[in-house]
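Undergrad: Build me a structure from this.
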Amino acid sequence: MKGYVSLVLHAHLPFVRHPEHEKFLEEAWLFEAITETYLPLLQIFRGWRHHQLRAQITLTLSPTLCAMLRDPLLQDRYTRYLNGLLELAEKELHRTHWDAAFHDLAWNYHHRLTDLRNTYHGCAGDLVGEFRKLQDGGILEIITTGATHGFLPLLNSNPSAVRAQVLVARDSYRDCFGCNPRGIWLPECAYFEGLENYLQEADIRWFIVDAHGLLHGNPRPRYGVFAPVFTTNGVAAFGRDLESSRQVWSRHEGYPGDARYRDFYRDIGFDLDFDYVRPHLPSPDHRGFTGLKYYRITGGTGEKQIYHRDAALHAAGEHAAHFLAARVAQIEKISGIMDRPPLVLSPYDAELFGHWWHEGPEFLDYFVRKACYDQQTFELITPGEYLVRHQTNQVVTPSASSWGEEGHGRVWLNEKNQWILPHLQIAQERMSALVAKYPKPNALRERALKQAARELLLAQSSDWPFMLHTGTNPEYARQRVKDHLLRFIALHEQLTTTRVDEKWLRDIESRDNLFPEINFRYWA
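TA: Residues are numbered from 1 along each chain as shown. Okay, the predicted model is just below:
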């Protein structure tokens, strides 16, 4: 083998759980991702294990995502959601009976949803446990990210805030997978000098930065992004490969834009009679996505053409073959000028595969199987395994960077969301003061301190400023930040000037119930 390819899928969603409502629109983010991404990926990974493929990929499972996947309330609600989709698919079988093309698609959806439900019920809804089995079996390397995906460079005014994001994530991973994480996906791939010290404390061995974060490092890395570097304390940094990223992500060059693939936005939740689809919508008062889509991208601005599943899968096979040939050519070229096997690291959001790009899981499956059987140029490997094989690397300090627009932090700090940061900074300082004030709190105060830590972490999520910046559900994002900050302020006041309201505390503990054993002393 002349080199290595490392695929990294980042699975993350913000913590959304509303037990105070019978049905809540934003909870559908999780349900859609389970149906369209996590269950299909689980099925594919199991297939690799069954066929004993020498395939290793890396998967981030964020602490907030794991908390939701393991939550009994959300598990029950997901089962109800999936049963509702199956009922809709059955209705579609009858509605499309006399239209052969649509009827075939309706049968396809019904079969697929039935298969997904069997998979979900077969593991008793414990997806985290199923992914753990795949890691134990050598198929996956599961890594973590920030506790609530906080944008770490903006939290660095109070070092304990960064420390808590890393250490709470480490503890959550240990609870889910029975060991410490070896790697971390820095939220938004955002790095600042010195961040590696917090990772070292958590015994994390490696992280990922965007290409420019490595290429602009000091000194310049000898091998560019095709080999990791060690930071000054020995934690390794891997750089994202731009070529392989562009082939998948690019709006103009990326595979998901092919006209044969299924159109994401054309959904029967918008096309059919409202009363017909209403019982199956995420919110009964508003049109929304059901996941049943009958049209392909088609291209241009003309009328959409009907989706053909076989043609789309053929396209996925073609693109997998093209991606394979491109990686072979890339490694053949680079290996000739390096004195070690080059590593091509290709990180993507996991939700791209299945949710945004319907055929993405099949593309991934085709590529991995072709890589195992149809070439002898590179080996699929995880970053952790690379470090086991190559223990000597150049020492470089990466540059401040992220994988967001313009490569730094503008997405998470701009005119639309800059109001959040001063409130977070004050709350972070108050959290540290509370920990100092109560070195040995009684049981009720300890519960209040733990809940204050949860509310602060939830307010720090990078998802809220991102949504404000893009205009995607901005009112919900704004309300979430305010709710968590107001709850933190109330807890701070109760702990410093009045007394803890146990009834109210119990209520918010039941709502924001992640990290049950959180260590509030990390803010010391």
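Undergrad: ok, and what's touching stretch 478-497?
TA: 14, 420, 423-424, 427, 430-431, 434, 437-438, 445, 448-449, 451-452, 455-456, 458-459, 461, 464, 468, 500-501, 504-505, 508, 512 (Cβ atoms under 8 Å, 6 or more residues apart in numbering). Any C-beta I mention is one placed from the backbone N, CA and C, and that applies to glycine too.
Undergrad: now that stretch, how far from the centre of its chain.
TA: 27 Å (Cα atoms, centre = their mean, to the nearest Å).
Undergrad: now do stretch 96-106
TA: 35 Å.
Undergrad: 15 is where my numbering starts, stick with that
TA: That works, and once the first residue is 15, the last one we named lands at stretch 110-120.
Undergrad: Which parts of it count as buried, going by neighbours?
TA: 110, 116-117, 119-120 (16 or more other Cβ atoms under 10 Å).
Undergrad: quick one: the strands in this structure?
TA: For the chain, applying DSSP state E gives strands covering 17-25, 71-75, 154-159, 197-199, 220-223, 243-244, 250-253, 357-363, 392-394.
Undergrad: Now find how far off-centre the first one is within its chain.
TA: Meaning strand 17-25. With Cα atoms, centre = their mean, you get 14 Å for strand 17-25.
Undergrad: now, which of the buried residues of stretch 110-120 sits nearest residue 384?
TA: residue 119 (27.3 Å; Cβ to Cβ).
Undergrad: Can you tell me which of the buried residues of stretch 110-120 comes closest to residue 22?
TA: Looking across the buried residues of stretch 110-120 and measuring by Cβ to Cβ, the closest to residue 22 is residue 119, at 32.6 Å.
Undergrad: so what's the closest residue to residue 270 other than its chain neighbours scoring on pLDDT?
TA: Leaving aside its sequence neighbours, residue 270 sits nearest to residue 371 (Cβ to Cβ, 6 or more residues apart in numbering; 4.0 Å). Per-residue pLDDT puts residue 371 at 96.
Undergrad: And for residue 371, the neighbour number?
TA: 26 (other Cβ atoms under 10 Å).
Undergrad: Would you enumerate the residues in contact with it?
TA: 269-270, 275, 377.
Undergrad: Please repeat the previous calculation with a cut-off of 10 Å.
TA: 50-51, 262, 268-272, 275-276, 278, 330, 362, 365, 377-378 (Cβ atoms under 10 Å, 6 or more residues apart in numbering).
Undergrad: just residue 447 next, same as before
TA: Applying Cβ under 10 Å, 6+ apart, we find residue 447 in contact with 506, 509-510, 537.
Undergrad: Show me which of the residues you listed are buried.
TA: 506, 509, 537.
Undergrad: Include distance to residue 63 when you put those residues into a markdown table, please.
TA: Below are those laid out as a markdown table (distance: Cβ to Cβ, whole Å):
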| residue | distance to residue 63 |
| --- | --- |
| 506 | 49 |
| 509 | 49 |
| 537 | 41 |
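Undergrad: Columns distance to residue 487 and pLDDT on top of those, output as JSON lines?
TA: Putting these into JSON lines (distance: Cβ to Cβ, whole Å; pLDDT from 0 to 100) gives the following:
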{"residue": "506", "distance to residue 487": "28", "pLDDT": "97"}
{"residue": "509", "distance to residue 487": "32", "pLDDT": "97"}
{"residue": "537", "distance to residue 487": "29", "pLDDT": "96"}
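Undergrad: Closest one of those residues to residue 133?
TA: Nearest member of the buried ones among the contacts of residue 447 to residue 133, counting by Cβ to Cβ, is residue 537, at 40.3 Å.
Undergrad: From residue 502, how far off is the closest one?
TA: Relative to residue 502, residue 537 is positioned 12 Å away (Cβ to Cβ, to the nearest Å).
Undergrad: hey, what's in contact with both of the two?
TA: Contact criterion Cβ under 10 Å, 6+ apart; residues shared by residue 537 and residue 502: 442, 444-445, 448, 466-467, 470.
Undergrad: which of the residues you listed lies closest to residue 80?
TA: Looking across the shared contacts of residue 537 and residue 502 and measuring by Cβ to Cβ, the closest to residue 80 is residue 467, at 17.6 Å.
Undergrad: Now do the contacts for the nearest residue to that closest one once chain neighbours are set aside.
TA: Counting by Cβ to Cβ, 6+ apart, residue 467 lies nearest to residue 534, which is 4.5 Å off, once chain neighbours are set aside. Residues in contact with residue 534, defined by Cβ under 10 Å, 6+ apart, are 178, 182, 445, 448-449, 452, 455, 460, 462-468, 470.
Undergrad: per-residue pLDDT, residue 534?
TA: Here, the pLDDT recorded for residue 534 equals 97.
Undergrad: For residue 28, see how far away it is.
TA: Per Cβ to Cβ, residue 534 is found 22 Å from residue 28.
Undergrad: now the contacts of stretch 492-511: which count as buried?
TA: For the contacts of stretch 492-511, buried by 16+ other Cβ under 10 Å: 28, 434, 437-438, 441, 444-445, 448, 452, 459, 462-463, 465-466, 469-470, 472-473, 475, 478, 482, 514, 519, 522, 526.
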